[in-house]
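Chemist: Just need the structure, nothing else, for what follows:
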Amino acid sequence: MIWNKAISHTGLLQNIISDRGPNFTSALCTNLHNLFGTKLSFSKYFHPQTDGLAERMIQTLEDMIRIFCVYGLEFKDSDGFTHYWCTLIPALELAYTTSIHSSTGKKPEML
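Modeler: Predicted coordinates:
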């Protein structure tokens, strides 16, 4: 699942910054970091800059998904094709990760 849902889409990350969440400190995750050679860094406790970036990213993704959800579980585009909002999540992810962000001047994958 990790390969299909994450690595195959984004490639191997060089560094991951975590807030010490249990999903990043588990033995499985530690072994995966060792296997893939990924460096795991932890943000400082209550570090507003790091926390703010993560919260802003979550808010942006929520806004993107909300736009599609207003149409309901399915909607038709201008060509008459029916779409389900959940099938658009990979496209939203691609749009987010490949866009240059105003706060950094870079794409998220470059940080």
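Chemist: if I look at Glu55, how far off is Tyr96?
Modeler: Separation of Glu55 from Tyr96 (CB to CB, to the nearest Å): 15 Å. Quick note: C-beta positions are derived from backbone N, CA and C, even for glycine.
Chemist: Tell me which of the two has more neighbours.
Modeler: Tyr96 (15 against 11; other CB atoms under 10 Å).
Chemist: starting at the chain centroid, how far to the strand or helix carrying that one?
Modeler: Tyr96 belongs to helix 89-97 when assigned by DSSP states H and E. With CA atoms, centre = their mean, to the nearest Å as the basis, helix 89-97 stands 8 Å off its chain's centre.
Chemist: what's the domain layout of the protein?
Modeler: 1-42, 46-111 (automatic domain parsing).
Chemist: As CSV, the ones you listed with mean pLDDT would be great.
Modeler: Shown next, in CSV, are the domains of the chain (pLDDT from 0 to 100):
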stretch, mean pLDDT
domain 1-42, 73
domain 46-111, 75
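Chemist: Would you quantify the distance from the residue nearest to the spatial centre of the chain to Leu61?
Modeler: Using CA atoms, centre = their mean, the residue of the chain that lies closest to the mean C-alpha position is Glu93, 6.6 Å off. Applying CB to CB, the value for Glu93 to Leu61 is 8 Å.
Chemist: helices or strands next to the helix holding Tyr96 in the packing?
Modeler: Contacts defined by 3 or more CB pairs under 8 Å, 6 or more residues apart in numbering; DSSP states H and E place helix 89-97 against helix 8-10, helix 48-69.
Chemist: Go through that helix and flag the buried ones.
Modeler: By 16 or more other CB atoms under 10 Å, the buried positions in helix 89-97 come out as Leu92.
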